[in-house]
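[1] coords please:
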Amino acid sequence: MPTTLAARPSATPTTTPTPAPDLRSQFASHPIPVHAGTTLRRILFATLDRADRVGPEHAEIWDQLVRVLDQNRTDPRSTARCAVLANLAAIVVFDEPSDYAATVELANQLGQDRLARLQHRAGVALETESSMPWTTTVIRRLIHWDLQARLEGKPSEEVTEDVATTCAVIAQNLLFADIDPDRVTAPITAVDELHRLLDVGTVVEWRAHLSTIASSPWGPYADDLLALGQRSDRPAALAAIASSIAQCQEWCRDRERDQVAREIRHLVAVSGASQREFASRIGTSPSRLSTYVRGTVTPSAAMLLRIQRASRMLQRQATRQVLAPRR
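    This next block holds a predicted model:
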């Protein structure tokens, strides 16, 4: 939903940032047997190695970063989440092309879904205010209109794709990392409210409105927002709304697929039959049933009814066998 760059957090402490000379050596001692781990550690070190460039205006977030890293320095399994944490802080503190290239590298190494989850957790660990100003700044910078221009002429040897486009996708995924269709907010009803949300809104506010859309992404609120975007004098606002609604719809489809898969796993389990036996009862192959159980394929409504009937029938048969008198 955001389309413009937010102001940086205004905290300006008079103290200088806490140095972190020993953290690098601590994380360097972690066993990293694969290339992905080496890349993650390099991204973490690229942030720590710029400690001497942190100004007083960013001392608060840097100190928070150091504290969280210090809590994880003895855990060899923490490299991925610490690299993500450091990258988020680097985007706020340094805002350099290499930091956005590193974000894309993280997506390549961890996958978009896992990166979004780790970014959300990292943001929660870093933030000291409920409005999450630093996460807001990160999201705005990842999708800012001039990011591509700022990155031109500074290619990364590790990243070959369009960094700005990929960063926009990463920002969208981070936004969706904590939406809840049961947590709705008052709807937007005027163009000036929409502009305010886009211009100065926080990630907390954006997620609240995305949650409201996700509660009924094919409903009237989504249509009303599109109408507001069309009345707005900003094409980017309409594009942001349309993209957000489309992603809410896909998010709901994914949840529905997961719910169907969980229901099928439950029905097969309580039937007491093996997957092979259950598949024969519903007239399909064991491999096809396995795709339903895993959620990679969603069965038709008719097949889902057949699965429910077969499960009930097998449960009744098992009950009759248990209750049958022994001779």
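
[2] Report pLDDT for residue 34.
    pLDDT recorded at residue 34 is 53.

[3] what does residue 83 give?
    So residue 83 comes in at 94 (pLDDT).

[4] Now do the same contact list for it.
    By CB atoms under 8 Å, 6 or more residues apart in numbering, the residues touching residue 83 are 40, 41, 43, 44, 106. In short, each C-beta sits where N, CA and C put it, glycine included.

[5] Spell out which helix or strand contains it, please.
    helix 79-93 (DSSP states H and E).

[6] Now do the strand or helix carrying residue 193: which elements does it pack against?
    Per DSSP H and E: residue 193 is located in helix 191-200. Applying 3 or more CB pairs under 8 Å, 6 or more residues apart in numbering; DSSP states H and E, one finds that helix 191-200 makes contact with helix 203-214, helix 220-231, helix 235-271.

[7] Let me know the angle separating that helix from helix 235-271.
    Following axes from the mean of the first three to the mean of the last three CA atoms, to 10 degrees, one obtains 80 degrees for the angle between helix 191-200 and helix 235-271.

[8] before we move on, the earlier item: which of the contacts of residue 83 sit farthest apart?
    Using CB to CB, the contacts of residue 83 span at most 12.1 Å, a distance reached by 41 and 106.

[9] State the helix or strand in which the most centrally placed residue in the chain lies.
    Geometric centre of the chain, nearest residue: residue 116, 2.8 Å, by CA atoms, centre = their mean. Per DSSP H and E, residue 116 falls inside helix 112-126.

[10] residue contacts, residue 44?
    By CB under 8 Å, 6+ apart, the residues touching residue 44 are 27, 79, 82, 83, 86.

[11] What number of neighbouring residues does the spatially closest residue to the second one that is not a sequence neighbour come out with?
    Put plainly, it is residue 79. The shortest distance from residue 79 to any residue other than its chain neighbours is 4.9 Å, reached at residue 40 (CB to CB, 6 or more residues apart in numbering). Using other CB atoms under 10 Å, the number of residues around residue 40 comes to 27.

[12] Let me know the distance separating residue 40 from residue 82.
    8 Å (CB to CB, to the nearest Å).

[13] same deal with residue 56?
    Look at residue 56 and residue 82: by CB to CB, they are 24 Å apart.

[14] Over to residue 289?
    Residue 289 is 41 Å from residue 82, by CB to CB.
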